[in-house]
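> the following block contains a protein sequence and its predicted model.
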Amino acid sequence: METIRKVNLAEKFSLIHEHRSPKVAGELNGQHVKLVKMKGEFIWHHHEHEDEMFLVVKGKFLMELHTGNIEVSEGEFIIIPRGVEHRPVAVEEAEIILFEPVSTLNTGNIKNDYTRGHEVI
């Protein structure tokens, strides 16, 4: 039988010290629940087979899209459909929950210095 646990978001976010490095805080139905602190620009990328959801817990960020940019603020979320090239940018630090399939690589179709594994927090 699997252990049931609750997650304190403030506690988990306090353990994250680098930006743009998502940490797995939970898993359900083949989906990872990842926590990430964003600050600065990420890279333009897309996910060939996965949709991606960004839920802002604290702060705000700009989701840059080729069709126009969308500001996502605390208490809001945005879903980026598979295949859509995007780039998250946060001027100030933002705390974000990501919901995405376990197979999702954080840099999508690109592997570079920002690419991270599935580190559990």
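Now that the structure is in, tell me what you want to look at.
> middle-most residue in the chain, spatially?
Most central in the chain under Cα atoms, centre = their mean is Leu98, positioned 3.8 Å from the mean C-alpha point.
> can you map out the helices along this structure?
9-14 (DSSP state H).
> any stretches of it with poor pLDDT?
Counting by pLDDT under 70, the chain shows low-confidence ranges at 1, 104-118.
> just give the number of residues close to Lys23.
Using other Cβ atoms under 10 Å, Lys23 has 21 neighbouring residues. Just so you know, the C-beta spots here come from the backbone N, C-alpha and C atoms, and that holds for glycine as well.
> can you name the residues that contact it?
By Cβ atoms under 8 Å, 6 or more residues apart in numbering, the residues touching Lys23 are 12, 15-16, 34-36, 119-121.
> what about the closest residue to it other than its chain neighbours, distance to Pro22?
Nearest non-adjacent residue to Lys23, counting by Cβ to Cβ, 6 or more residues apart in numbering: Ile121, 3.7 Å away. Distance, Ile121 to Pro22, using Cβ to Cβ, to the nearest Å: 9 Å.
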